[in-house]
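predicted model, plus sequence, below.
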Amino acid sequence: MKTWFLSVALFASLVSMAQVDTTTPPYQRYPTLPPLQLLLTDSVTQYTKADLPKKKNVLVMLFSPDCEHCQHEAGEIVANAEGFRDIQIVMVSTYPLYRITEFAETYGLSKMENVVMTKDPNYLLISFYAVRSLPFMALYNKKGNLITVGYGNVAIDKILSLFNSQK
């Protein structure tokens, strides 16, 4: 009987410690725009959620200046600038600010008034979105609610149709 109780106690303690990581990414638990704490390319100005234009769709794109898929996606955004005119685009990288600025100039993003180039100095968005690959895009409607997320190259037509379906 003593060994039976000991066996049950040992089994219960092992089962209670056997945990499976079933946590969902924060963006799925909180499907609204996260509190942004970004740095503009002037290296001084903070860019926060309060700086976003009100009642405007938002595209948050995490990118790397070295990523070929990111370069292609940036080129496609610029080529379809007219379709994005009513969408605020927040480009976010963890690279040095001079690399972010070079990227914006090389691909023509700096000419688009609705594009903001930023750095995430605290690496908060990577963990918030559980980013696995770049480019990563999060689409939000005018109310700040998540529409969807996309990894890698996402067709521009698909992005625009998702935003247009929110009208």
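On my side now, so go ahead.

going by C-alpha atoms from here, please, whenever you check contacts or count neighbours.
Fine.

gap between the two ends of stretch 132-142?
The straight-line separation of the ends of stretch 132-142 (CA to CA, to the nearest Å) is 26 Å.

quick one: average pLDDT of it?
Mean pLDDT, computed over stretch 132-142, is 97.

Val90 belongs to a strand?
Yes - under DSSP: H, G, I helix; E, B strand; the rest coil, Val90 falls within a strand.

I'd say it and Asn57 touch.
No - between Val90 and Asn57 there is no contact under CA atoms under 8 Å: 10.9 Å.

ok, now which ones touch Pro25?
Applying CA atoms under 8 Å, 6 or more residues apart in numbering, we find Pro25 in contact with Ser127, Phe128, Tyr129, Ala130.

for the second one, grab the count of nearby residues.
Using other CA atoms under 10 Å, Phe128 has 14 other residues around it.

and it, how far is that from Gln28?
Taking CA to CA, one finds Phe128 at 9 Å from Gln28.

neighbouring contacts of stretch 76-91?
Counting by CA under 8 Å, 6+ apart, 52-53, 56-63, 107-109, 112, 114-118, 156, 160 sit against stretch 76-91.

out of the residues you listed, list just those in strands.
Within these, residues falling in strands by DSSP state E are Asn57, Val58, Leu59, Val60, Met61, Leu62, Val115, Val116, Met117, Thr118.

just the buried residues of those.
Asn57, Val58, Leu59, Val60, Met61, Leu62, Val115, Val116, Met117, Thr118 (16 or more other CA atoms under 10 Å).
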